[in-house]
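Colleague: Got a sequence here, can you build the structure:
(2 chains)
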Amino acid sequence: GQSLEQPSEVTAVEGAIVQINCTYQTSGFYGLSWYQQHDGGAPTFLSYNALDGLEETGRFSSFLSRSDSYGYLLLQELQMKDSASYFCAAYLSGSARQLTFGSGTQLTVLP
Amino acid sequence: KAGVTQTPRYLIKTRGQQVTLSCSPISGHRSVSWYQQTPGQGLQFLFEYFSETQRNKGNFPGRFSGRQFSNSRSEMNVSTLELGDSALYLCASSLGQRETQYFGPGTRLLVL
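Modeller: Have a look, this model is predicted:
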């Protein structure tokens, strides 16, 4: 079926760099989005890659490679407040009006 | 510009009851999507409305329904509540099809 796969957990220390990967299995694809969700909160939009390459927004960058069916979110200079769940999401062909989410990656930033 | 708002924020119901949740999208956004989030199942798509029409529906039973009004505000209704309906219900709005979605704070529903 059509799905987005990402690791369930990632742990890193303050100041470090962490990469959260997202792979997808679908023949049609309309770009990759990333959302952050703190415990008890709502998902917050972080970035969107419509085309291959790197998009940078402050400490966060996102990358997409359509040929590899792969993307990642890169978080630099980690801060304690970055501890949250991160979801990749995409509009997939066959369900183009439905945003499909990965299962989420729980990032824990240690002091 | 004000964000997506949802009411109520918290709700406690008992099995068999019904519930109506409300969502006001960002001004100018015509598409509203609803999601159910539980620890075990993650974010699951319920349905999407655009210009008062349901365009897409997820794999949920008929007890879950919704509607959208002419001002783009949306409501979702769950009838005959079950314990498994306890979840965070999220509403998201976007300008249109395949546009970036922006989420409201959610309604946390507890069914006893």
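Colleague: going on from the helix or strand of chain A with the lowest mean pLDDT, what's the next piece of helix or strand?
Modeller: One helix or strand of chain A scores below all others by mean pLDDT, DSSP states H and E: strand A:99-101, with a mean of 87. Remark: after strand A:99-101, the chain's next helix or strand is strand A:105-110, criterion DSSP states H and E.
Colleague: can you list the residues of chain B near chain A?
Modeller: B:33, B:42-43, B:45, B:48, B:50, B:55-56, B:58, B:90, B:92, B:97-98, B:100-106 (C-beta under 8 Å from any C-beta of the partner chain). Every C-beta, even on glycine, is put in place using the N, C-alpha and C of the backbone.
Colleague: one more time with 6 Å
Modeller: Selection of chain B residues close to chain A by C-beta under 6 Å from any C-beta of the partner chain yields B:42-43, B:45, B:48, B:55-56, B:97-98, B:100-101, B:103, B:105-106.
Colleague: Closest one of those to A:T11?
Modeller: Nearest to A:T11, judged by C-beta to C-beta, of these is B:G42 at 20.2 Å.
Colleague: What's the local residue count around the nearest residue in space to that closest one that is not next to it in sequence?
Modeller: Once flanking residues are discounted, B:G42 sits nearest to A:S103: 4.9 Å by C-beta to C-beta, 6 or more residues apart in numbering or on different chains. A:S103 has 16 neighbours, counted by other C-beta atoms under 10 Å in any protein chain shown.
Colleague: what's the answer for A:F29, then?
Modeller: 16.
Colleague: Also A:F45?
Modeller: 15.
Colleague: measure it to B:L109 for me?
Modeller: To B:L109, A:F45 is 24 Å away according to C-beta to C-beta, to the nearest Å.
Colleague: Could you give the bridge partners of B:V78?
Modeller: Following DSSP bridges, B:V78 is listed with bridge partners B:V19, B:F64.
Colleague: Any stretches of chain B with poor pLDDT?
Modeller: Within chain B, the segments meeting pLDDT under 70 span B:1.
Colleague: Please name the residues that touch the residue nearest the centre of it.
Modeller: Geometric centre of chain B, nearest residue: B:W34, 3.4 Å, by C-alpha atoms, centre = their mean. Contact analysis of B:W34 by C-beta atoms under 6 Å, 6 or more residues apart in numbering or on different chains lists B:46-47, B:76, B:91.
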